[in-house]
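*Asks:* Kindly return the folded structure for what I paste below:
(2 chains)
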Number of protein chains: 2
Amino acid sequence: MVLANPHFQKLPSQYLFPRIAKEAALLKEKKPESRIINLGTGDIKEPLVPSIVTALCDAALEMGETKSFKGYGPSQGYFFLQELIALHDYPFLHIHPDEIFISDGAKCDSANIQDILDPKSLVALADPSYPVYVDASLMTGKKIVFLPCTEENGFCPKPPNRHVDLIYLASPNNPTGVAMTKEALEPWIYYAKRESAILIFDAAYEAFITGSCPHSIYEIEGAREVAIEIRSYSKSAGFTGLRCSYMVIPKTLILPLHPLWMRRTDTKFNGVSYIIQKAAAATYSEQGKKELSAQINRYQANTATFRTYLNQLGLTTFGGIDAPYIWCKTPPNFSSWQFFELLLHQAHILTTPGAGFGPCGEGYVRFFAIEEPSEAMKRLSALSLRT
Amino acid sequence: MVLANPHFQKLPSQYLFPRIAKEAALLKEKKPESRIINLGTGDIKEPLVPSIVTALCDAALEMGETKSFKGYGPSQGYFFLQELIALHDYPFLHIHPDEIFISDGAKCDSANIQDILDPKSLVALADPSYPVYVDASLMTGKKIVFLPCTEENGFCPKPPNRHVDLIYLASPNNPTGVAMTKEALEPWIYYAKRESAILIFDAAYEAFITGSCPHSIYEIEGAREVAIEIRSYSKSAGFTGLRCSYMVIPKTLILPLHPLWMRRTDTKFNGVSYIIQKAAAATYSEQGKKELSAQINRYQANTATFRTYLNQLGLTTFGGIDAPYIWCKTPPNFSSWQFFELLLHQAHILTTPGAGFGPCGEGYVRFFAIEEPSEAMKRLSALSLRT
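*Replies:* The predicted structure follows:
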């Protein structure tokens, strides 16, 4: 008799974000007049900038003409985009275009990369962390070592005192919003080399870095031997609904994962839509860069205002400087789900309870703080947070 | 030390189609003046029809406006598209919109579905078959039972005399171009029910059926209990470069795969681009249907001409009636790779060697026969096929 993959039984029955969305939908059903401010999922709010819209339409028109129609593209992505990425995102970092794999999302990449690694691998990841790392590890039968990230260690995971095979590092971090410094990253490269481990560096939020933290793991010496990097156009260019990201797999890794990932990509994927890749290419044009940098600046300003307001309310916050996420301590005697419920039902503000990201997330909620800080503040001020 | 997934070692080092593409690229390098007619990969040739181009541009403009911008969509797909599919593709077949999962390709679906099944499952598939079924089974550690499809059994696989857990059936078939009749499908549903097995029915080419063969497995009684169906806009609407397809997972399956696939989809996927889903929706408009039906008719006419020409040259062919593929016997004393080489180097016609699809494909080449039958014929006539 056919059986399901037994590893799926180890998963919580529902992925975190649909669960949160359901809570918001229930409220909306009960109180249809409520206007919920959605600071839960990390979904971008501004529309696509004009350069991207133009690129999409131009590419659609190209697809309507015999001479410029594009059928199947290279499963790894079009060279025009790989080349732009190497040039603009990795100047001086010696990333070759054919080390770049274009995909339809950082979520997909960070999960699917597990397919090419031994199911017996031991995976290390931060607690709290983006739930996909955990769920994808469990689905493929891997065991996990959690690295507690707390106020005491500045929410920066430290290499463990034992061997692991695979490590997920996200910087700027989701959910804590904290970016890792060069000094915090270096021991990880040293560790990975000593232990013959592979590091998956999730840099989906690098566009939000304001300080001096590295934007790429390849700024750290030796990273080309042990690190894979993931980046996304979702947050940097509002592609959450368009779907495009990429993964860098250096050909110089200690374990030759480049040909394996190519084999998997050729077999299980057929490339990202041509018109979406053209839209991604438009983000590197002079005009595109100008429009997007203005957009990111607006988001960053909102996050900064948000942080100030939360602090004025007496709430302790972390992150929110190099990332759009603010990691906010719950008021005394509130668990993270309780504070989440209070914010949702009494202020109609949707956040994500920290405990949903792992046990060390207990006592926090995550704000994706890029919109409506003033309205949110007004609603928060009306709450009694010290009950 | 980190190790690669050992199952990948069981794969041939390269996926079939990149290998074929490389052969064509080498010829082009040696003889830059050669104009290769590409009948190798199943890639569509005509540009997108006007309704689809308009839908893409309209959706792109929507994404550029605050009031109509769409961020993350439902990972399963937008309801507007699920609803259209249920209505137009499954009238009277009782497929509910939420049993439909929109994805970025039939290739991805037919491979990824393996993730939710026990790695110990025994998989049955046709020899010859689409290489993805084989490779995806091997990658996930599964064992395979091959079902020989030969001239003797009309290239239709019969249920085996033993238990298997999972069966891939493609109708119309790729590579043989043969569609299965209702009478050929019924024993499979009976078998799957008796053996508690799951059937994956790949109907990517259903738009090309001219005769009375079923377009959907759900036309067979009992299929809702044991069958998953895959369809694609790639061939029916020229989406090879846009990327959109879907998979039907009934909630009434004997093994409850619907919630498992939902869990996987939520965790490892973020939905298909909104604008691509809008383009898929346009295929169901009155104008879209008209334009696409004319397009398919042109392809079908070319395939029919092709078949006649090949037969006139004394070549024996199968398929090409309900599918754009013609399964052509090689001339005496030619292996399928030898005939492939002859066609490529002496006629500059790219095909796919049958042996690339499995041992029973030896002695055949596959023509994706949708374009330039006259020019191809001219070149083929100049060859001596009886050497």
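*Asks:* Outside of stretch A:140-152 itself, list whatever touches it.
*Replies:* Residues from elsewhere that reach stretch A:140-152, judged by Cβ atoms under 8 Å, 6 or more residues apart in numbering or on different chains: A:7, A:114-115, A:117, A:119-128, A:134, A:137-138, A:155-158, A:160, A:162, A:164, A:166, A:173, A:176, A:318, A:358-360. Just so you know, the C-beta spots here come from the backbone N, C-alpha and C atoms, and that holds for glycine as well.
*Asks:* Check which residues of that stretch are buried.
*Replies:* A:Thr140, A:Gly141, A:Lys142, A:Ile144, A:Phe146, A:Leu147, A:Cys149 (16 or more other Cβ atoms under 10 Å in any protein chain shown).
*Asks:* Now the terminal residues of that stretch, how far apart.
*Replies:* 32 Å (Cα to Cα, to the nearest Å).
*Asks:* ok, now stretch A:359-374?
*Replies:* 31 Å.
*Asks:* got the buried residues for it?
*Replies:* For stretch A:359-374, by 16+ other Cβ under 10 Å, it's A:360-373.
*Asks:* ok so, going back, make a PyMOL selection of the buried ones in the contacts of stretch A:140-152.
*Replies:* Of the contacts of stretch A:140-152, the buried ones go into a single PyMOL selection, burial set by 16+ other Cβ under 10 Å:
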select buried, chain A and resi 7+114+115+117+119+121+122+123+124+125+126+127+128+134+137+138+155+156+157+164+166+173+176+318+358+360
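*Asks:* out of the contacts of stretch A:140-152, who's near chain B?
*Replies:* A:Asp115, A:Leu117, A:Pro119, A:Lys120, A:Ser121, A:Leu166 (Cβ under 8 Å from any Cβ of the partner chain).
*Asks:* of all those, which two lie farthest apart?
*Replies:* A:Asp115 and A:Lys120 (14.0 Å; Cβ to Cβ).
*Asks:* Quick check: strands, which of the buried residues of stretch A:359-374 are part of them?
*Replies:* A:Tyr364, A:Val365, A:Arg366, A:Phe367, A:Phe368 (DSSP state E).
*Asks:* hang on, the last one packs against A:Ile37?
*Replies:* No. Taking Cβ atoms under 8 Å as the definition, A:Phe368 is not a contact partner of A:Ile37, at 10.3 Å.
*Asks:* related to what we said a few turns ago, secondary structure added to the ones next to chain B among the contacts of stretch A:140-152, as TSV?
*Replies:* Listed next are those as TSV, based on DSSP: H, G, I helix; E, B strand; the rest coil:
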residue	secondary structure
A:Asp115	helix
A:Leu117	strand
A:Pro119	coil
A:Lys120	coil
A:Ser121	coil
A:Leu166	strand
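*Asks:* ok, of those, which one's closest to A:Pro12?
*Replies:* Distances from A:Pro12 to those, taken by Cβ to Cβ, are shortest for A:Pro119, at 20.4 Å.
*Asks:* so what's the nearest residue to A:Lys10 once chain neighbours are set aside up against?
*Replies:* Leaving aside its chain neighbours, A:Lys10 sits nearest to A:Leu138 (4.7 Å; criterion: Cβ to Cβ, 6 or more residues apart in numbering or on different chains). By Cβ under 8 Å, 6+ apart, the contact set of A:Leu138 is A:His7, A:Lys10, A:Leu11, A:Ile144.
*Asks:* let's go with 7 Å and repeat that
*Replies:* By Cβ atoms under 7 Å, 6 or more residues apart in numbering or on different chains, the contact set of A:Leu138 is A:His7, A:Lys10, A:Leu11.
*Asks:* In three-state terms, label it for me.
*Replies:* helix.
*Asks:* And it, how far from A:Tyr15?
*Replies:* 12 Å (Cβ to Cβ, to the nearest Å).
*Asks:* ok, now how distant is the closest residue to A:Ala106 other than its chain neighbours from chain B?
*Replies:* Counting by Cβ to Cβ, 6+ apart, A:Ala106 lies nearest to A:Ser232, which is 3.9 Å off, once chain neighbours are set aside. Counting by Cβ to the nearest Cβ, to the nearest Å, the gap from A:Ser232 to chain B is 10 Å.
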